[in-house]
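Chemist: okay, structure incoming, though there's no sequence with it:
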């Protein structure tokens with residue numbers, strides 16, 4: 001049975017801190033860099049079948065795995081706050097609207113799900129999950145995005161259509177992202193371990 005002892009996350013190993021001031025500086029720097037990375041991931045569309053995909057969910061997962069639950073949720077919350085304040089940080093902005101109007105639209109539930117997904121992946125990092133257990137945690141994080149996303153979307157298009165337009169077209173791409181995230185996380189963790197950090 002796997003230990004429930006908290007493991008250091010990659011950010012703990014790469015940027016160790018002593019004292020409240022150093023921790024606050026690290027938090028601000030990492031949160032701002034992470035929210036910028038989420039914005040970039042939301043803006044880049046990768047051609048894929050049956051629909052183009054962004055890498056924003058993969059970045060949410062990787063932030064959780066790299067930062068742990070508290071810092072990852074703070075990063076995603078900052079990204080959402082930036083969007084709520086009218087910055088064009090989301091996919092399709094400013095063309096499809098900005099601010100709270102965009103967030104209250106059909107994709108609002110998925111944005112909320114990013115917070116849950118970051119927390120789940122962060123907890124997986126704190127528990128030191130690897131391989132199949134890590135893949136299972138990322139699958140759970142994917143479902144944590146789908147569920148509020150589809151429920152919110154169903155208010156606009158109905159439950160059957162929510163599945164057809166809000167989940168089914170993204171399954172293949174999300175399966176690929178899950179595999180890529182697991183491979184990147186495993187490679188990164190192996191390197192950190194080998195480096196003695």
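Modeler: The structure has been received and is ready for your questions. Everything quoted here is computed from the prediction, not taken from an experiment. Numbering: from 1, shown residues only.
Chemist: residue ranges with poor pLDDT in this protein?
Modeler: 1-5, 193-197 (pLDDT under 70).
Chemist: contacting residues around the most centrally placed residue in the chain?
Modeler: Centroid-nearest residue in the chain, with C-alpha atoms, centre = their mean: residue 60, separated by 1.4 Å. By C-beta atoms under 8 Å, 6 or more residues apart in numbering, the residues touching residue 60 are 38, 72, 76, 114, 117-118, 121, 141, 145. To be clear about C-beta, it is placed using only N, CA and C from the backbone, and glycine gets the same treatment.
Chemist: buried sites along whichever helix in the chain runs longest?
Modeler: As assigned by DSSP state H, the longest helix anywhere in the chain is helix 131-157. The neighbour-count criterion (16 or more other C-beta atoms under 10 Å) identifies 134-135, 137-138, 141-142, 144-150, 152-154 as the buried residues of helix 131-157.
Chemist: relative to helix 131-157, how tilted is the following helix or strand past that helix?
Modeler: Under the assignment DSSP states H and E, the closest C-terminal helix or strand after helix 131-157 is helix 159-166. For helix 159-166 against helix 131-157, the angle by axes from the mean of the first three to the mean of the last three C-alpha atoms, to 10 degrees is 120 degrees.
Chemist: where along the protein do the helices fall?
Modeler: Shown for the chain, the helices assigned by DSSP H span residues 10-14, 20-43, 56-67, 69-84, 99-103, 108-127, 131-157, 159-166, 171-194.
Chemist: which secondary structure elements does the last one contact?
Modeler: The one in question is helix 171-194. Packed against helix 171-194 by the contact rule (3 or more C-beta pairs under 8 Å, 6 or more residues apart in numbering; DSSP states H and E) you find helix 10-14, helix 56-67, helix 131-157.
Chemist: what angle separates it from helix 56-67?
Modeler: Here helix 171-194 runs at an angle of 20 degrees relative to helix 56-67 (the same axes, to 10 degrees).
Chemist: ok, residues contacting helix 171-194?
Modeler: 10, 13-14, 48-51, 53, 55, 57-58, 61-62, 65-66, 130-131, 134-135, 138-139, 142.
Chemist: what subset of those residues is buried?
Modeler: 10, 53, 55, 57-58, 61-62, 65-66, 134-135, 138, 142.
Chemist: quick one: which of those residues is nearest to residue 83?
Modeler: Closest approach between the buried ones among the contacts of helix 171-194 and residue 83, by C-beta to C-beta: residue 57, at 15.5 Å.
Chemist: which residues touch the closest one?
Modeler: 114, 117, 142, 145, 174, 177 are the contacts of residue 57 under C-beta under 8 Å, 6+ apart.
Chemist: okay, now the last one: neighbour count?
Modeler: Residue 177 is surrounded by 23 other residues when neighbours are defined as other C-beta atoms under 10 Å.
Chemist: how close does it sit to residue 59?
Modeler: The gap separating residue 177 from residue 59 is 10 Å, by C-beta to C-beta, to the nearest Å.
Chemist: residue 50 now?
Modeler: Distance of residue 50 to residue 59, computed by C-beta to C-beta: 22 Å.
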